[in-house]
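Visitor: What follows is a protein structure lacking sequence information:
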């Protein structure tokens with residue numbers, strides 16, 4: 001879009017890093033306790049205006065007009081049970097983004113590979129563990145065949161958000177009625193996508209169990225250790241980048257407001 005090749009596209013914010021430091025936290029902020037719905041509301045209330053301010057200030061020609069808000073990814077697939085953070089140390093795990101960085105700081109030997117290579121590399125023992133996507137996607141990839149244990153927790157990837165980016169000048173040139181029609185259609189598609197994925201994930205978890213995979217909640221001690229390390233990492237990054245600092249501060253304040261109004265999950 002910035003080069004004029006496309007007028008609009010949907011993309012994950014993690015792909016914008018390092019050029020846009022806050023890209024990863026608008027896509028899936030590691031360690032967040034805010035729900036996917038809460039994250040969607042942050043975007044509507046203040047987040048979208050904030051990130052668009054920074055896109056313009058950083059010289060980019062696109063704006064964010066909406067997005068497809070997915071659900072938490074599965075935390076980890078592997079062949080041994082996990083009892084605590086010490087069980088992660090020494091694992092060779094396919095992991096990406098900020099989640100992979102945090103895991104490496106916890107003693108995991110993280111490696112990256114395309115999703116299409118995960119199945120074969122796990123089957124051959126080249127990796128010990130992996131993360132891929134949400135349960136529905138993982139099930140369609142037949143990943144129930146590689147990994148006896150599947151642990152669920154939203155802490156590693158609490159949301160999976162694909163933002164719709166549009167050339168700013170071309171968007172602003174549209175008449176108001178067409179903008180309204182497009183945005184209303186987009187909002188409807190967001191909810192439809194979110195609801196369908198919710199139903200598909202529930203079916204997929206049942207499907208994993210039917211295939212003999214042991215599906216459990218991630219031990220709370222691992223969640224606690226991961227959240228602590230994730231917050232430490234994000235604080236370090238925010239200290240380096242004013243844009244990251246402002247977006248992260250906004251998210252944390254919104255999360256605190258949500259906590260006071262509705263509470264937050266404990267992951268226990």
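Guide: Yep, that arrived. Only a predicted model underlies this, so the values are computations on that prediction, with no experimental measurement involved.

Visitor: Only C-alpha atoms from now on, for both contacts and neighbour counts.
Guide: OK.

Visitor: low-scoring stretches of the stretch 51-200 of the chain, by residue?
Guide: Scanning the stretch 51-200 of the chain for pLDDT under 70 picks out nothing.

Visitor: Pull out the buried residues from the strand or helix carrying residue 121.
Guide: Element membership of residue 121 [criterion: DSSP states H and E] is helix 115-123. Neighbour-count burial for helix 115-123, counted by 16 or more other CA atoms under 10 Å, picks out 118-119, 121-122.

Visitor: Now do stretch 245-254, average pLDDT.
Guide: If you average the pLDDT over stretch 245-254, you get 98.

Visitor: which other residues reach stretch 100-120?
Guide: For stretch 100-120, contacts defined as CA atoms under 8 Å, 6 or more residues apart in numbering pick out 85, 88-96, 130, 132, 143, 146, 226, 229-230, 233.

Visitor: picking up where we left off before, let's have the buried residues of helix 115-123 in JSON lines, adding distance to residue 170.
Guide: Shown next, in JSON lines, are the buried residues of helix 115-123 (distance: CA to CA, whole Å):
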{"residue": "118", "distance to residue 170": "40"}
{"residue": "119", "distance to residue 170": "42"}
{"residue": "121", "distance to residue 170": "44"}
{"residue": "122", "distance to residue 170": "46"}
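
Visitor: between the residues you listed, which is nearest residue 258?
Guide: residue 118 (36.7 Å; CA to CA).

Visitor: count of neighbours near residue 36?
Guide: The local packing of residue 36 (other CA atoms under 10 Å) involves 21 other residues.

Visitor: If we ignore the residues flanking it in sequence, what's nearest it?
Guide: Excluding the flanking residues, the one nearest residue 36 by CA to CA, 6 or more residues apart in numbering is residue 159, at 5.4 Å.

Visitor: thinking the one you found is in contact with residue 28, fair?
Guide: Yes - checked against CA atoms under 8 Å, the pair residue 159 and residue 28 is within contact range at 4.9 Å.

Visitor: When those two are compared, which one has more neighbours?
Guide: More crowded of residue 159 and residue 28, by other CA under 10 Å: residue 28, with 31 against 28.

Visitor: Got the confidence number for that one?
Guide: 93.

Visitor: Equivalent analysis for residue 14, please.
Guide: 88.

Visitor: Confirm that it sits in a helix.
Guide: Yes - Residue 14 forms part of a helix when assessed by DSSP: H, G, I helix; E, B strand; the rest coil.

Visitor: Next one: it relative to residue 23, how far apart?
Guide: Distance, residue 14 to residue 23, by CA to CA, to the nearest Å: 5 Å.

Visitor: Equivalent analysis for residue 13, please.
Guide: 4 Å.

Visitor: try residue 15
Guide: Taken as CA to CA, the span from residue 15 to residue 23 is 7 Å.

Visitor: So these two - more neighbours on which side?
Guide: residue 23 (21 against 13).

Visitor: from what I can see that one touches residue 11, true?
Guide: No - in this structure, residue 23 is not within contact of residue 11 by CA under 8 Å, at 10.3 Å.

Visitor: surely residue 25 meets residue 248?
Guide: Yes - Residue 25 lies in contact with residue 248 (CA under 8 Å); the separation is 7.4 Å.

Visitor: Contacts only, for the residue nearest the centre of the chain.
Guide: Compute the mean C-alpha point of the chain, and by CA atoms, centre = their mean the closest residue is residue 28, 2.9 Å away. The contact partners of residue 28, taken as CA under 8 Å, 6+ apart, are 14, 157-161.
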